[in-house]
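**Q** Any chance you could fold what I've pasted below:
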Amino acid sequence: MRLIDRLRFQMEKYGLDVSYRLANRFGIPARNVRLFFIYLSFPTLGLSFILYILIAFALRIKDFFFRKRPDIFDI
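**A** Predicted structure coming up:
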């Protein structure tokens, strides 16, 4: 348990300092900045997954329309 406490302390001291400094610059609570980054990560991850599915679907449709002709060496 001691290791987890040290890890949490290091993250709070160095990792969350970015949100604290941004909050001070804009004059808002640091909690709101952290929540903003958390909420921003959900659509970002979802967007990449949706983009992957759309590209896979487009490639599948392309394969239906453009068939590869057999080579003369395949006969």
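**Q** Tell me which other helices or strands the helix ranked longest in the chain touches.
**A** Determined from DSSP state H, the single longest helix within the chain is helix 30-65. Here helix 30-65 touches helix 17-26, going by 3 or more Cβ pairs under 8 Å, 6 or more residues apart in numbering; DSSP states H and E. Yep, even glycine has a C-beta here, placed from its N, CA and C like the rest.
**Q** Output the helix it packs on as CSV, nothing but the C-alphas.
**A** Written as CSV, here are the backbone C-alpha positions of helix 17-26 (Å, rounded to 0.1, in the frame of the first residue of the first chain):
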residue,chain,number,x,y,z
ASP,A,17,0.6,20.4,-12.2
VAL,A,18,-0.3,21.1,-15.8
SER,A,19,-4.0,21.4,-15.0
TYR,A,20,-3.2,23.4,-11.9
ARG,A,21,-1.1,25.9,-13.9
LEU,A,22,-3.7,26.2,-16.7
ALA,A,23,-6.4,26.8,-14.1
ASN,A,24,-4.4,29.5,-12.5
ARG,A,25,-3.7,31.2,-15.8
PHE,A,26,-7.4,31.2,-16.8
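**Q** ok, Val33 - how many residues close by?
**A** 20 (other Cβ atoms under 10 Å).
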